[in-house]
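**Student:** Below is the sequence, then the predicted model.
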Amino acid sequence: MSEANTSSNAAIEVSSPYFLGSSDNTSTILVSKVFDETGFATWKRSMTLALIATNKFCFVDGSLSSPRADSPLISNWDRVNSMVISWILNSLNKDIAESVLFFQTANEIWVELNQRYAQSNGAMIYQIQKQLYSIIQGSEDFSTYFTKIKHVLDELRMIQEVPTCTCSFAAILKKFMEDQCLIQLLMGLNDSYKSIRGQILMMSPLPTISTVYSILIHEE
């Protein structure tokens, strides 16, 4: 038996990116909502988390490139690359999937989707902020309203470029941004929460969004 065949048939450790479990198959869908040209940042985040969890993100970000044609690992690489391509295609709607079907690697598909659908941070922040300011509770119960606005706030936080540092200013900046999110949440509440909203705004320092959620759920 050749060295290549020996390598291909040998047991692959679970920690290896070449490992595929019994539940991994070409029909697997990694995200709850397929991408249909809207919400690319959210879709990308969901796909990234799923691929990192399965130890396969190295195939899409290009950090694990294809071995040489004479490498004993080439068959394993081809097998997993094909599997990851299937997972990506399953997470796209039919028209988008067909448009990237003939790319040879998962990395090529990932780069193409990013070039095609990723917007500049400025444009994305503008769109998310615009969506955020339009959200009001209306006829929804508080829990539904909270989930909707929290999703948008999390998406905004994900794409905003906040300087990282270990100084005391970092904690001040983080608290400032959390307070801004809390104000936005309170602004969209119905007038039936006017009294409790006023009490929350009088608190110093302002509580966290999680604390306010508990307060308002109890009030409701």
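**Tutor:** Looks like it arrived, so ask away.

**Student:** didn't residue 24 look like it was pressed against residue 82?
**Tutor:** No - look at residue 24 against residue 82 with Cβ atoms under 8 Å: they stay out of range, at 11.6 Å. From N, CA and C alone the C-beta is placed, and that goes for glycine too.

**Student:** got the domain boundaries for the chain?
**Tutor:** 3-117, 121-219 (automatic domain parsing).

**Student:** what's the least confident stretch among those domains?
**Tutor:** In terms of mean pLDDT, the lowest-scoring of the domains of the chain is domain 121-219 (a mean of 85).

**Student:** Mind naming the longest helix for the protein?
**Tutor:** With secondary structure taken from DSSP state H, the chain has its longest helix at helix 168-187.

**Student:** hmm, who's touching the helix or strand following that one?
**Tutor:** Going down the chain from helix 168-187, the next helix or strand is helix 194-201, by DSSP states H and E. Helix 194-201 is contacted from outside by 186, 189, 206, 207, 212, 215, 216, 219, using Cβ atoms under 8 Å, 6 or more residues apart in numbering.

**Student:** 7 Å instead, please
**Tutor:** Residues outside helix 194-201 that contact it (Cβ atoms under 7 Å, 6 or more residues apart in numbering) are 186, 189, 207, 212, 215, 216, 219.

**Student:** wait, which of those residues is closest to residue 105?
**Tutor:** Nearest to residue 105 out of those is residue 212 (Cβ to Cβ; 46.3 Å).

**Student:** What count of nearby residues applies to that closest one?
**Tutor:** Using other Cβ atoms under 10 Å, residue 212 has 19 neighbouring residues.

**Student:** how close does it get to residue 201?
**Tutor:** 10 Å (Cβ to Cβ, to the nearest Å).
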